[in-house]
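A.B. asks: pasting the sequence and the predicted model now:
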There are 2 protein chains.
Amino acid sequence: MKSLFKQDLKVVNIGLQGFADNIVAAGGQVTHLSWSPPAGADAALGWTLANLVGDQRIDQANKVAYERYLAAQPRLADLILAKDAIAGLAKGERRILHSGPPIDWDNMCGPQQGAITGAILYEGWADSLTKAEKLAASGKIVLEPCHHHGAVGPMAGIISPSMPVWVVENTAAKNRAFCNLNEGLGKVLRFGANSPDVIERLRWLGTEFFTTMQVAVRGLTDANLKPLMAQALHMGDELHNRNAAASGLLFKRFTLALLASKLDRGAIQRALAFVAGNDHFFLNLSMAACKSMSDAAHGVPGSSMVTVMARNGVNFGVRLSGTGNQWFQAPANPVDGLYFPGYTVKDAAADLGDSAITETNGLGGFAMAASPAIVQFVGGTPADATANSRRMLSITLGSNPAFTLPPLNFGGTPAGIDARLVADSGVLPIINTGIAHKKAGVGQIGAGITTAPMSCFNDALAALTTGLEKARTRRGKGGKKR
Amino acid sequence: MKSLFKQDLKVVNIGLQGFADNIVAAGGQVTHLSWSPPAGADAALGWTLANLVGDQRIDQANKVAYERYLAAQPRLADLILAKDAIAGLAKGERRILHSGPPIDWDNMCGPQQGAITGAILYEGWADSLTKAEKLAASGKIVLEPCHHHGAVGPMAGIISPSMPVWVVENTAAKNRAFCNLNEGLGKVLRFGANSPDVIERLRWLGTEFFTTMQVAVRGLTDANLKPLMAQALHMGDELHNRNAAASGLLFKRFTLALLASKLDRGAIQRALAFVAGNDHFFLNLSMAACKSMSDAAHGVPGSSMVTVMARNGVNFGVRLSGTGNQWFQAPANPVDGLYFPGYTVKDAAADLGDSAITETNGLGGFAMAASPAIVQFVGGTPADATANSRRMLSITLGSNPAFTLPPLNFGGTPAGIDARLVADSGVLPIINTGIAHKKAGVGQIGAGITTAPMSCFNDALAALTTGLEKARTRRGKGGKKR
């Protein structure tokens, strides 16, 4: 013991950085190990996790789910009207789909209300904003999440029956996913704008642009999206907030298909000019492709793999592969971002949209290393971008070898969020997103980065535990009967 | 002295790494400083450098040259036939331009001979390969470097009177630069292939494609190349061996211009299909843009800034801004690269082409950080790519704020090679390049990385010194007369 105090101390500090700092300040040397108690030191959650982590049924279920995700091959199959694509919109019933988990009209955020009002005008169910709002509030329009119908929509995420939707088919499992068209930036429905020019643009997108692009899609010589997305990740896109490369690659394919068609040259010119002028055009295809991939992984009993993260501007909702169609919700976080001149975080709606389906599939915030420009956009550095992608590896089942990231030495993007790892580590999924004004009709006011709320994952794990216990009981009873 | 040997030794090692390694192996601690003698320990060169480094006339001249380079604004002005663009090809004289410094037919490498033979067939000056070769060898065709005519050409770099050339104008100084069209990959003239299909493609490029693309160029709503190149650097291009993003961005602009024209739809379709199918299409525009930028910096008396690096498959040639039209040559280095199946370095021609004009302007190997895929292509890592770009900063006058590289935290690409810094540090300019078969008619067999030979820079500095001394003497004499 005496000799110990004569030696130079070799200190390892675990946990709070402050202790290490003090030793360094006193001239000592210390190796600091970053560590925090599992489950945020929540004892009940700790017990839940103790039962779930290392549970071989869950590991096995996750393996199945994750392999289905990896095997998915999204292909752009068609562009058709929503009422022809989505069974729930076909019945002639007045139904509108929105982003995020379920929510009533009265509780919706401004931009979602604004976008629904605009969609009612677009459908011709009312002839003024006032009447449209009244109709929406009356309960005579059925409002349901896109995710209840195999669909996704960015920001407000509005899909009404007469809107065209991309049809993406996962050719490996034959499941299909849908997403609306990207209207460009500025005053657009998805950010809650609903002025006459917004509705006018929707009408053109739903008529001339729709019929033109349907020919383009049906004439594609290569409709596979996964290799195109992989290529875009090597060209600065993270396929959520940045889609410039993917939009350009798709533009080439559409151009060749349209020039080979018999369509009127003016229509081709106008359609291609619209696509060329919108570097976010591919976002809605990225989302549909992602939806088709994570839907493939959904529904494996016992799996703790996250298959949906979506926000309605009020709540953030999560679904696990192994907990069926249950939503696990918590208030959506605000967005740490850059605001257009004249706006601040006080003007902003909370985190909004189904576009977090990209992060659910290892893109967006998870692939930030591929797209340093995104981090720069919110005041960070390329090193932050790479650190973000690396950190996400700590909460995922693996990395996707089909989507490699150059700055990670061409390692795969972190993919397949395991809710157990999120709850255990306290590392929250990072999400790149746009920011809508909180009032209806205003539109986009910025873009930035946010995270999923922790309690969604904790609640999902509790439900997974309950489900596993029930299954065990059932199997037990079933066994006795046999 | 006694107390010194009782203390823990604190060692700094300068120069040879081996001494430091021994101390570490013996359990000691050492700080190693990487250092080598200036001028490669060449005493004569050392004296030359001692006079040149810190010479304020050179510093001032370099400042002028570098600022002219930075101020350059390359704009795609036109696509016309070489005989209408380049005075030296207009006279009806039989003249063919080639890449690199001057060289006689007899001394040319195989691919350059093969390409010249092909160009003679294309021009109709002979009707068989044998006759074309005989004609070339007869001395009745004038063979001169592209660089003697404000032009550049990749690999063999052949420009004959009836070939279309891009015209790029630096709108800041009104100087113009020219480059031929990119034929795609595989069996192409620039790699020395000259079979009937190669000539057939050249004929189409010189007729329907030419007239179509001339309309496209003249109809561009935005013909500025610098912002497009800057954008491509953020999308994985280094604008020498990788031009996929820039080609895609240009494709968009050409498509919109062509659709707005009155041209026949079939011609538009064929032209755009060719551009869409060639991810190297932009290379020749990158080269013409670079030539226009470094020509702007050329001709400043006393400047040690490198304005040309070019290879003819036998010799590597360098020009400095301050040494006029003199070439400083040395045997071209072999290329460290990946070879197509069935080929090795023994089959390869030496380093070939004017495309090192991109490195001369801070792109290509100098911008490797922007394009990790290039380093991966020759067996390296993204970290190597970043290290390459950082190393080049040690031999350049500065970094170009118009061309930023995300992995260098959006710092500018190293630009404006100072021959003094090359000779002093021993750090050679790194060059990304394609590899041609050494025999005429075969074509491309790989791609890789090489360096400029040191003696070009040493010789250029000796000439610069002589020039400065003459100028001093002249000024002295002039002073007496006044």
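C.D. replies: Everything's here; your move. Every value quoted in this text rests on a predicted model; they were computed, and no experiment measured them.
A.B. asks: where does the residue positioned nearest the centre of chain A land in three-state SS?
C.D. replies: With distances taken as C-alpha atoms, centre = their mean, A:Ala356 lies nearest the centre of chain A, 1.5 Å away. Secondary structure state of A:Ala356, per DSSP: H, G, I helix; E, B strand; the rest coil, is helix.
A.B. asks: now it, nearest residue through space, not along the chain?
C.D. replies: Nearest residue to A:Ala356 in three dimensions, chain neighbours excluded: A:Met309, at 4.1 Å (C-beta to C-beta, 6 or more residues apart in numbering or on different chains). For glycine as for every other residue, the C-beta is placed from the backbone atoms N, C-alpha and C.
A.B. asks: so the one you found is in which element?
C.D. replies: strand A:306-312 (DSSP states H and E).
A.B. asks: hang on, the earlier thing: now do the contacts for the residue nearest to the centre of chain A.
C.D. replies: Going by C-beta atoms under 8 Å, 6 or more residues apart in numbering or on different chains, A:Ala356 touches A:Met309, A:Ala310, A:Arg311, A:Gly364, A:Pro429, A:Ile431, A:Thr433, A:Ala452.
A.B. asks: does the fifth one really touch A:Thr451, like I thought?
C.D. replies: Yes: assessed by C-beta atoms under 8 Å, A:Pro429 is found in contact with A:Thr451 at 6.5 Å.
A.B. asks: which of the two has more neighbours?
C.D. replies: Neighbour totals were compared for A:Pro429 and A:Thr451, and A:Pro429 leads with 25 against 17 (other C-beta atoms under 10 Å in any protein chain shown).
A.B. asks: now do the contacts for the more buried one.
C.D. replies: A:Val306, A:Met309, A:Ala356, A:Glu359, A:Gly365, A:Phe366, A:Met392, A:Ile395, A:Ile417, A:Val422, A:Thr451, A:Ala452.
A.B. asks: A:Glu123 too?
C.D. replies: Contact analysis of A:Glu123 by C-beta under 8 Å, 6+ apart lists A:Arg94, A:Ser160, A:Pro161, A:Ser162.
A.B. asks: so which of those is surrounded by the most neighbours?
C.D. replies: Of all these, A:Ser160 has the most neighbours under the rule other C-beta under 10 Å, reaching 26 neighbours.
A.B. asks: what sits against the nearest residue to it once chain neighbours are set aside?
C.D. replies: Nearest non-adjacent residue to A:Ser160, counting by C-beta to C-beta, 6+ apart: A:Ala119, 4.2 Å away. Taking C-beta under 8 Å, 6+ apart, we find A:Ala119 in contact with A:Ile96, A:Ile158, A:Ser160, A:Met163, A:Leu189.
A.B. asks: from these, which shows the smallest pLDDT?
C.D. replies: Within these, A:Leu189 has the lowest pLDDT, namely 93.
A.B. asks: A:Ala20 - how many residues pack around it?
C.D. replies: Neighbour number of A:Ala20 under other C-beta under 10 Å is 19.
A.B. asks: A strand includes it, no?
C.D. replies: No: the assignment for A:Ala20, made by three-state DSSP, is helix rather than a strand.
A.B. asks: tally of neighbours for the closest residue to A:Pro301 other than its chain neighbours?
C.D. replies: Nearest residue to A:Pro301, sequence neighbours excluded (C-beta to C-beta, 6+ apart): A:Gly322, at 5.6 Å. Residues lying near A:Gly322 (other C-beta under 10 Å) number 26.
A.B. asks: excluding its backbone neighbours, what's nearest the closest residue to chain B within the stretch 1-150 of chain A?
C.D. replies: Closest approach of the stretch 1-150 of chain A to chain B (C-beta to the nearest C-beta) occurs at A:Asp8, with a separation of 11.1 Å. Closest residue to A:Asp8 in three dimensions, ignoring its sequence neighbours and counting by C-beta to C-beta, 6+ apart: A:Gln29, at 7.9 Å.
A.B. asks: quick one: contacts for that neighbour?
C.D. replies: Counting by C-beta under 8 Å, 6+ apart, A:Gln29 touches A:Asp8, A:Leu9, A:Lys10, A:Val11, A:Ile23.
A.B. asks: fine, thanks again, bye for now.
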